[in-house]
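> below are the sequence and a predicted model; questions follow.
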Number of protein chains: 2
Amino acid sequence: MANIKEVAKKAGVSVATISRVLNHPESVSEEKRAHVEKIMKEMNYTPNAFARGLTLNRSKTIGLLVPSLTNPLYPEIARGVEKVAHEKGYSVVLCNTEGVVDKERSYIHMLLEKRMDGLILVSSELTNQEIKKLKENNIHCVLLGRDRKDLDQSTVFTDYQLGAYLATKHLLEIGYRSIAHIRSFEANEVGKEKTKGYLDALKEYGVIVNPDLMMEGDDEVEGGYIATKKLLSKGIPIEAIFASNDLMAIGAMDAIKRNHMSVPDDIGLVGFDDIGVASYVDPKLTTVSQPVHKMGLMAARLIFENLRDDHGVEADQPKIYLQPKLKVRKSCGQEDRLKEIFN
Amino acid sequence: MANIKEVAKKAGVSVATISRVLNHPESVSEEKRAHVEKIMKEMNYTPNAFARGLTLNRSKTIGLLVPSLTNPLYPEIARGVEKVAHEKGYSVVLCNTEGVVDKERSYIHMLLEKRMDGLILVSSELTNQEIKKLKENNIHCVLLGRDRKDLDQSTVFTDYQLGAYLATKHLLEIGYRSIAHIRSFEANEVGKEKTKGYLDALKEYGVIVNPDLMMEGDDEVEGGYIATKKLLSKGIPIEAIFASNDLMAIGAMDAIKRNHMSVPDDIGLVGFDDIGVASYVDPKLTTVSQPVHKMGLMAARLIFENLRDDHGVEADQPKIYLQPKLKVRKSCGQEDRLKEIFN
DNA sequence: CTGAAAGCGCTAACAA
DNA sequence: TTGTTAGCGCTTTCAG
């Protein structure tokens, strides 16, 4: 692969001139520029980003860490991020942490070596301490997911607790009382918030919490299926289920059907996320939506704004709040008793 | 961010020693190594991948180009690629070409500048010429998708024509004759192969092709929906539909239902891809499966094998063929008349 | 408008 | 086992 020196020699100019036609073409005489460009084409010259990065100390790439690629939520975020990154001439390194904090750490390390210009951490499981350290090391990073209130850190977030509250409350309003909850594993911070919202709503309606009605799942379809099977086998009457994500809700739906029961006639069901398929399962899934593609776009834009007006470490660290909204469809049942609360 | 020189000074050794503890720790005396490692920790030293890349001429990253992130097929491939890449200490740059060949080209350019160690092109729309040129420039790249028979190029592929043939044949065997086909846009090479397979089967069964039964769609749910609406509005009797991917099949299913008809009672339906949700829509979608996650794993492994025993340009260029398999579920209908042909 | 040369941070060959 | 040093390919000051 030809380098700048070879191009310079062939073009009969200095390397500085080559560099200029690349980066400041206006500062090179018309004819010289044309000539150089022709030679570059001829030699199939491709500038070396290592060398450029070394001098400029910029990689023109950002890192995107997501906890899963199985849940369509995250590819959707990735799509948003990729879109604005590409517009700005950046590329994005995709890191699937699988929700494993050590894999996340190892990725962070790798990304720091590669001198990412920015990092987008989706549902990160890092401690506040660690996030803070990133900032101290002057890494531009934005969090996407839940808010960390005590952290001055660019964030695009939803109120998961509120979302879960809305979902559960909706079930309560319809008249369900024995409402099960399929939640994420204990370690999952977002999951905890959702469980809080579930409990908030029960409390508000004076429903006594039954621990037997709460079951953990792995955030995948499979986990929802298994959890529901377990719930159903307990012999406790269950009128409705709030699953902490749509994938698990779909698994739950499957389990219920295979138990020869009907959603929503026998058991009402609400999910969380509003992934695309939620509208295509049968019955269509009532769920809480986050505008996930938009969140990806916004997170990326935050990164680039930070990069643009980088007044040292202390740029603004805006937080963007996006409202969770209940999407009432069929799976929660009893439509007739329901006035549409949210548009 | 501290650099190697600063670490060396503080540790009271030469930069070479630092480099050694990083890359050949066995060649450094026990005590010196421990000491250096301590200093590195203290200073929070993170090697600069630009500098390393510049000397070694390796980026330890591979590029992954996919035509879409909306279709769950591609995140699933990405998941496979990411998995093996991470195991090998590589990172992956995610490029969403949106099926637009110019975006693909622009990405290729960017990836060449960043000196990717390998490229995985999924359903690439580049010309054979262009692919060949990549190889000449000594870029390790593997194609994933359809085979290009006249190209000596690492490939992981499925026989789309065969898959489509199997799908259509199945519908014919069940007894359908008026079989519509929702195909991809003309420009899409994979789509063309599928259409061929559809026509093959019709021909074999002596069914006269009716151009009015073929309709283009954009490969998304929406496209399938629209195409089906158009088909239904033509007033031609349609007994079954073969959609060239599952997303469009799901759109078709929706359109059929909204037309107050039933799948499969009124219209049988077969898709292509076997994306996860195919098992969760109602009725469950009969479709042709590709082992897509595995394809991602294999493509990545091919890259790394090529990298490992890189005998210059002329390494082996193996092609891996994966068989498409018909998954018979509910949407094709008339199960009773059906013996399970494929396991 | 153009060229010479320093320097970005690292690795590896060579010498000791 | 360790240190010295020559690059790797580029950008950018500084001179002209």
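Arrived safely, thanks for sending. Since the model is a prediction, treat every value here as computed from it, not as a measurement.

> give me the pLDDT value at the nearest residue to A:D246 once chain neighbours are set aside.
Excluding its sequence neighbours, the residue lying closest to A:D246 (Cβ to Cβ, 6 or more residues apart in numbering or on different chains) is A:G271, at 4.0 Å. Backbone N, C-alpha and C define where each C-beta goes, glycine included. What the model reports for A:G271 is a pLDDT of 98.

> phi and psi next, for A:G271.
phi -110, psi -160 (degrees, to the nearest 10).

> OK, contacts around it?
A:G271 sits next to A:167, A:243, A:245-246, A:248-250, A:278, A:285-288, A:331 when contact means Cβ atoms under 8 Å, 6 or more residues apart in numbering or on different chains.

> neighbour-wise, give me the winner out of the residues you listed.
A:A243 (33 neighbours; other Cβ atoms under 10 Å in any protein chain shown).

> neighbours around A:S19, how many?
A:S19 has 16 nearby residues by other Cβ under 10 Å.

> residues contacting it?
A:I4.

> and the helix or strand containing it, how far from the chain's centre?
Here A:S19, judged by DSSP states H and E, is contained in helix A:15-23. Distance, stretch centre to chain centre, for helix A:15-23: 40 Å (Cα atoms, centre = their mean, to the nearest Å).

> and the next helix or strand past it?
helix A:30-43.

> could you give the separation of that following helix from the chain centroid?
That offset, for helix A:30-43, works out to 44 Å (Cα atoms, centre = their mean).

> and what of stretch A:168-175?
Distance, centroid of stretch A:168-175 to centroid of chain: 28 Å (Cα atoms, centre = their mean).

> could you do stretch A:11-23 as well?
42 Å.

> which parts of it are buried?
Across stretch A:11-23, burial judged by 16 or more other Cβ atoms under 10 Å in any protein chain shown covers A:A11, A:V13, A:T17, A:I18, A:S19, A:R20, A:V21, A:L22.

> show the average pLDDT along stretch A:123-140.
93.

> right, is that stretch up against chain B?
Yes - against chain B, stretch A:123-140 shows contacts by Cβ under 8 Å from any Cβ of the partner chain at A:N137, A:N138.

> and that stretch, what's buried?
For stretch A:123-140, the neighbour count (16+ other Cβ under 10 Å) marks A:S123, A:S124, A:E125, A:L126, A:I131, A:K132, A:L134, A:K135, A:I139, A:H140 as buried.

> low-confidence bits of chain A, can you list those?
Low-confidence segments of chain A (pLDDT under 70): A:309-315, A:334-343.

> all helices of it, in order?
A:4-11, A:15-23, A:30-43, A:49-56, A:73-87, A:101-113, A:128-136, A:160-174, A:189-204, A:221-233, A:246-258, A:292-308 (DSSP state H).

> grab the most central residue of chain A for me.
Taking Cα atoms, centre = their mean as the criterion, A:V122 is the residue nearest the geometric centre of chain A, at 4.4 Å.

> and it, how far from A:R183?
19 Å (Cβ to Cβ, to the nearest Å).

> got TSV for the buried residues of stretch A:123-140, with distance to B:A49 too?
Listed next are these as TSV, based on distance: Cβ to Cβ, whole Å:
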residue	distance to B:A49
A:S123	26
A:S124	22
A:E125	25
A:L126	21
A:I131	22
A:K132	24
A:L134	17
A:K135	21
A:I139	14
A:H140	17
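
> ok, which pair from these is furthest apart?
Pairwise distances across these peak at 20.1 Å for A:E125 and A:H140 (criterion: Cβ to Cβ).

> what residue in chain A comes nearest to DNA strand D?
Closest to DNA strand D within chain A is A:I4: 2.6 Å, counting by Cβ to the nearest atom of the strand.

> can you tell me which of the helices of chain A is packed in deepest?
The highest mean neighbour count among these, using mean count of other Cβ atoms under 10 Å in any protein chain shown, belongs to helix A:246-258: a mean of 25.

> hmm, who's touching it?
Contact with helix A:246-258 is made by A:70-71, A:182, A:217, A:219-229, A:232, A:241, A:243, A:262-263, A:266-267, A:269-275, A:277-278, A:281, A:285, A:287, A:331, B:277, B:280, as judged by Cβ under 8 Å, 6+ apart.

> what residues does chain A put near DNA strand C?
Residues of chain A lying near DNA strand C by Cβ under 7 Å from any atom of the strand: A:12-17, A:20, A:27-29, A:32-33, A:51, A:54-55, A:57.
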